[in-house]
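1. Any chance you can model this:
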Amino acid sequence: MEICVIKFGGTSLKEEAARNRAVRLIRRLIPEMKVIAVVSAMGRYPDPYATDTLMSLAKYLTPQQRDRLVSAGEMISTLVINSLCRQNGILSDTLSTQELGIITNDHYGEAEVLTVTTGKLLEKLDRCDCLIVPGYQGITLDHEITTLGRGGSDYTAMLLAQALGLEDVYILTDVSGIYEADPKQNPDARHWDEIDYDQMLKMIDAGARVMQRQSILFAREHQLRVWVGSSLQVGKGTWIQSCEDSER
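-> Predicted coordinates:
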């Protein structure tokens, strides 16, 4: 059974048209493979279900309670996208945070992953063509929800891909890959077809927010190839990989 792990960022799910594009992409993939779609919360602040919007409501909660609140955005996304998939004739299902299999410590807000189990994921995937799962979160051994830090849905996709023995993972955002500068502010910014992990980490350390740092460290450690592209412009994107892979 061939499996593809693809992550949809918040801007790729922000509006109805964007969500429909995501579902059409899933539909194009499923004749050839099973799809695990990792979803972020829909939109960006001040959109109602965006993570930063939920965070703005959580000033007087404990860190534990805050994680429980801000994780809700991704769970809403899983159910909304699942409904759209079914509306479009796709045999799909979802996983809850408890079923996801990402076990963490109790460092709320930026939890450390202890282990990833895929039993429930594979059980459900065997019965459907597309499994939609929440990004950004895990669960402690005491069954409390935790979050994986800003941009943690990238990390979720990498964790699942590695646990399933895959070599590639696909990240969809609102830009068509990695640029030397923000292409929204600098239309002439250089686009990279390929970039190695260390170059990507330097860009993140310099302030680029296109990827989560922890996710790139994890990808480098496990030699996962990461494709970053736009849900608006399918085909153009950037591979993040080792220097050796870039030279092939």
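2. give the contact list for residue 203.
-> Contact analysis of residue 203 by C-beta atoms under 8 Å, 6 or more residues apart in numbering lists 178, 210. All C-beta atoms are positioned from the backbone trio N, CA, C, and that covers glycine.
3. How far off centre is the host helix or strand of it?
-> Using DSSP states H and E, residue 203 falls within helix 197-205. What separates the centre of helix 197-205 from the centre of its chain is 19 Å, taken as C-alpha atoms, centre = their mean, to the nearest Å.
4. try stretch 22-29
-> How far stretch 22-29 lies from its chain's middle: 16 Å, per C-alpha atoms, centre = their mean.
5. Check the model's average confidence along that stretch for me.
-> Mean pLDDT, stretch 22-29: 96.
6. Could you tell me which residues within that stretch count as buried?
-> 22-23, 25-27, 29 (16 or more other C-beta atoms under 10 Å).
7. and for that stretch, what are the contacting residues?
-> Outside of stretch 22-29, the residues within contact range by C-beta under 8 Å, 6+ apart are 4, 6, 8, 12-13, 35, 37, 81, 84-85, 88-90, 92, 130, 172, 231, 234.
8. could you dump it to CSV, C-alpha only?
-> Extracted in CSV, the C-alpha atoms of stretch 22-29 (Å, rounded to 0.1, in the frame of the first residue of the first chain):
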residue,chain,number,x,y,z
ALA,A,22,-7.2,20.9,-1.1
VAL,A,23,-9.9,18.3,-1.6
ARG,A,24,-9.4,18.3,-5.3
LEU,A,25,-5.7,17.7,-4.8
ILE,A,26,-6.5,14.7,-2.5
ARG,A,27,-8.9,13.4,-5.0
ARG,A,28,-6.2,13.5,-7.7
LEU,A,29,-3.8,11.5,-5.5
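9. so where's the protein shaky on pLDDT?
-> By pLDDT under 70, the low-scoring segments of the chain are 234-235, 244-248.
10. Which parts of it are strands?
-> 3-8, 34-39, 92-94, 102-104, 113-116, 130-134, 137-140, 145-147, 168-173, 178-179, 191-192, 194-196, 225-230, 237-241 (DSSP state E).
11. Residue 208: which of these is closest?
-> strand 178-179 (8.1 Å; C-beta to C-beta).
12. So which other helices or strands are in contact with the longest helix belonging to the chain?
-> Scanning the chain for the longest helix, with DSSP state H as the assignment, gives helix 72-87. Packed against helix 72-87, as judged by 3 or more C-beta pairs under 8 Å, 6 or more residues apart in numbering; DSSP states H and E, are the following elements: helix 16-29, strand 34-39, helix 51-56, strand 92-94, strand 130-134.
13. Many thanks, have a good one.
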